[in-house]
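Chemist: Here is a sequence together with a model predicted from it:
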Amino acid sequence: MKTTASVLTLSLGFNAVPRLFMALVLVTFGGVGLFAAEPKLDLVRCIELALAHDPEIALAREDVNLAEAALQFEAGTFDYQFEVGSSTQRDRIPTADGGNTDTDTTRLNASLVKTFRSGIEFTPSLSLERRDVHHNDSSTRNSADVSLSLSYPLLRGQGRDMVTGRERAAERALTATEYRRRFRIAQRTLATINAYWRYCADLRRLEVVKESEARSTRLVKETRALIEAGETPENELLQLLANENDKRAIRIDTRNSVFQSRHNLGLVMGLTPAQIAALPAVASAFPEPAFMGEGALPESVRLVVTALEQRADLRALRLDGEADQIRYALATDGLKPDLSLNVEAGYDTLREGSGLGEWLAAVSRRTPGANYAVELSYKLPLGRKTAKSDVRREGARLEQTRLSLKDLERQIGLQVMIAYEDLQRALETLEAVDQSVGYYELAVANERKKLKLGFSTLIDLISYEDRLTSVLLRKIESQARLWQALADLQFETGSFDRMDMSALDQAAVLAFPRAETR
């Protein structure tokens, strides 16, 4: 080993050693800053870090921004649109005497277009025209055209539901996207809680096996002293040494489990390798389940009802179905002919004069009467292949969403019942194991007394201590399973979806899901 280390040092070279040293420093101390003020790690802090570092949550947040932009785009259909334009042109017309008549025409147009959600399109407009004729008797004519037009669809696109269909579909898509973001937060919360309890359990297991190893080491020392005093045969030491080494091997394996669970928790929290290396131990032992003293747990059927009301992914899919239904209605409406009623009213004026004021004043000149027009416009594509393909596409999408919704409701109901039963069994197991711990502790104490009185053997004591260690480890696993089962039930019932993650407290995380009372 010494030779290998020497060769390795030489092969790195003089310049590589400082770089290796700096890398080791960064790995060892690079993550200390994140947990510098946290000697112990609690569950809420782990969840907060996991939610802050999860890239999928950040992507989901951008999906919400995209959905907001899509809604804003659709709402823009109902914005006021102001249009203004100007033009000038010259027409040169030959005359019979061999000359030319030049006519300069200048136009100024302005209009305001507004589509209301009722379907009415409202357009007031103004057009000013100045015509200068350059010939022997030059003249300037100023005219104005003021009009107000209304357009309303009578078949295709008729009614508020059709006019606002795309906007309403975008609203539902936005809300569905927000629910999916919440569901992603709930998924990350569940993964963090499970990883946290696994880390907590492995740390507790390490404490138990260390105590077991310490007992075996202490027993070896006591037996050596008895052998030296001639009170115990020397062959008794062999089985104690074997037991001590067995406990040491178990402790090494358990330490490796702690290493793996620590890194798994760090990965779930989105930490860097340096930060994972600096990850402190958990804040406390397993808490006592407060809901055990609240009486009988609610029936699983009530929890299923709660889940069907609260689950964010289910709400999102329902909103998808509503949006698909709106799009299908729009596609079906596209099969109708395009029949529109157009009404226009206004007046024209004429004023002569070459000054700019005469041109602008033309709009206010009195007119003897008004112009009006009423028009019915009808348009029907003969093949309508595009409209029919839209109906088929939106109908298939609507059916897919309906089938997915039905299957998700079924799965949620089953998962809630499974999680509920798992929690019930975990509670029963923990109660039974807790009683076993008490019995084995008494049994070990009695066995020690019997050994001192000469009524028992070291093998018997080791056997009872091993059983106590085994049941202590089983209790730790039962505690971890209990809290993981509770987290699963909270997730399945949608409790995480409704939590305020910006003001999270451990009591809410460890509370039993509230069932619907309806």
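Modeler: Done, it's in.
Chemist: all contacts plus neighbour counts: C-alpha atoms, from now on.
Modeler: Fine.
Chemist: tell me the phi and psi of Gln81?
Modeler: phi -120, psi 120 (degrees, to the nearest 10).
Chemist: just for the stretch 51-200 of the chain, where's the confidence low?
Modeler: 136-137 (pLDDT under 70).
Chemist: Repeat that for the stretch 251-400 of the chain.
Modeler: For the stretch 251-400 of the chain, the stretches with pLDDT under 70 are 283-284, 290-298, 354-369.
Chemist: the strands in it, which residues?
Modeler: Per DSSP state E, counting those that start in this stretch, the stretch 251-400 of the chain carries strands over the ranges 338-352, 371-379.
Chemist: Run me through the strand neighbours of the first one, direction for each.
Modeler: If you go by DSSP bridges, strand 338-352 pairs up with strand 139-153 (antiparallel), strand 371-379 (antiparallel).
Chemist: so what's the nearest residue to Ala443 once chain neighbours are set aside scoring on pLDDT?
Modeler: Nearest residue to Ala443, sequence neighbours excluded (CA to CA, 6 or more residues apart in numbering): Tyr464, at 7.1 Å. Note on Tyr464: pLDDT of 86.
Chemist: who touches Tyr464 in this structure?
Modeler: By CA atoms under 8 Å, 6 or more residues apart in numbering, the residues touching Tyr464 are Tyr440, Ala443, Val444, Glu447.
Chemist: Out of those, the closest to Arg218 would be?
Modeler: Nearest to Arg218 among those is Val444, at 15.3 Å by CA to CA.
Chemist: okay but the closest one is in contact with Glu465, surely?
Modeler: Yes: checked against CA atoms under 8 Å, the pair Val444 and Glu465 is within contact range at 6.2 Å.
Chemist: how many neighbours does the residue nearest to Arg61 when sequence neighbours are not counted have?
Modeler: In space, not counting the residues next to it along the chain, Arg61 is nearest to Arg181; the distance is 6.7 Å by CA to CA, 6+ apart. As a burial measure, Arg181 scores 25 neighbours (other CA atoms under 10 Å).
Chemist: What of Ile93?
Modeler: Quick note: Ile93 (other CA under 10 Å) scores 10 neighbours.
Chemist: just Ser149 next, same as before
Modeler: Ser149: 18 surrounding residues under other CA under 10 Å.
Chemist: now the strands paired with strand 338-352 in JSON lines, with distance to Leu271?
Modeler: Listed next are the strands paired with strand 338-352 as JSON lines, based on distance: least, CA to CA, whole Å:
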{"stretch": "strand 139-153", "distance to Leu271": "59"}
{"stretch": "strand 371-379", "distance to Leu271": "62"}
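Chemist: Among the ones you listed, single out whichever gets nearest to Asp407.
Modeler: For the strands paired with strand 338-352, proximity to Asp407 was assessed by CA to CA; strand 139-153 is nearest, at 40.2 Å.
Chemist: chain center to the closest one: distance?
Modeler: 54 Å (CA atoms, centre = their mean, to the nearest Å).
Chemist: Return the distance of the helix or strand just after that strand from the chain's centre.
Modeler: Where DSSP states H and E defines the elements, the next helix or strand beyond strand 139-153 is helix 160-163. Its chain's C-alpha centre and that of helix 160-163 lie 31 Å apart, by CA atoms, centre = their mean.
Chemist: elements contacting helix 160-163?
Modeler: Helix 160-163 sits against helix 312-333, with contacts defined as 3 or more CA pairs under 8 Å, 6 or more residues apart in numbering; DSSP states H and E.
Chemist: residues in contact with the helix it packs on?
Modeler: With contacts defined as CA under 8 Å, 6+ apart, helix 312-333 is touched by 156-157, 162, 165-166, 168-170, 172-173, 175-177, 179-180, 182-183, 308-309, 387-388, 390-391, 394-395, 397-398, 401-402, 404-405, 408-409, 494, 497.
Chemist: so of those, which ones are in helices?
Modeler: Of the contacts of helix 312-333, the ones assigned to helices by DSSP state H are 162, 165-166, 168-170, 172-173, 175-177, 179-180, 182-183, 308-309, 387-388, 390-391, 394-395, 397-398, 401-402, 404-405, 408-409, 497.
Chemist: Just the buried subset of those, written out for ChimeraX, thanks.
Modeler: Selecting just the buried residues from the ones in helices among the contacts of helix 312-333 in ChimeraX takes one command, with 16 or more other CA atoms under 10 Å as the test:
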select :162,165,166,168,169,170,172,173,175,176,177,179,180,182,183,308,387,390,391,394,395,397,398,401,402,404,405,408,409,497
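Chemist: Out of the strands paired with strand 338-352, which is the most enclosed?
Modeler: strand 139-153 (a mean of 19; mean count of other CA atoms under 10 Å).
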